[in-house]
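Whatever this is, show me its structure:
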Amino acid sequence: MKLIIHARHAALAEDFSQLVEEKINSLERFSVLIERIEVEILHEANPRQGKHAHHVIITTHGAGPLMRAEAQSFNDLAAFDEAVKSIELQIRKVHEKSKSKDRDSLRFKSELN
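Numbering: from 1, shown residues only. Presented below is the predicted three-dimensional model:
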């Protein structure tokens with residue numbers, strides 16, 4: 001999975017990219033085919049937007065459906081955490097839909113014999 005981080009009008013912390021990689025790599029536990037994930041961080045210069053000055057957009061591209069999550073918060077990490085929760089729910093739904101619902105359990109098969 002390829003990870004692309006865009007920072008627009010923002011200076012990111014040194015460890016922010018490592019945190020992003022860790023959280024995004026944890027999403028691989030769902031077997032959804034994602035070729036690349038774009039993380040876009042925007043900063044609002046208007047001081048009146050203090051609580052919502054940091055805006056994070058996560059977009060996935062791949063063989064599965066296109067998924068997008070947005071979040072705004074008082075800092076980059078809080079906004080990123082909210083966006084990751086949202087994208088994780090979307091990926092989980094795709095994963096649950098792809099599961100086979102018609103397979104029988106081993107106990108059920110042994111009762112038939």
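
Show the pLDDT at the closest residue to residue 31 other than its chain neighbours.
Closest residue to residue 31 apart from its sequence neighbours, by CB to CB, 6 or more residues apart in numbering: residue 95 at 6.5 Å. Quick note: C-beta positions are derived from backbone N, CA and C, even for glycine. As predicted, residue 95 sits at a pLDDT of 86.

Then residue 58?
97.

give the contact list for it.
The contact partners of residue 58, by CB atoms under 8 Å, 6 or more residues apart in numbering, come to 37-40, 68-70, 83-84, 86-87.

that's a strand at the residue nearest to residue 31, yeah?
No. Assignment of residue 95 by DSSP: H, G, I helix; E, B strand; the rest coil gives helix, placing it outside any strand.

In this structure it contacts residue 34, no?
No. Look at residue 95 against residue 34 with CB atoms under 8 Å: they stay out of range, at 11.2 Å.
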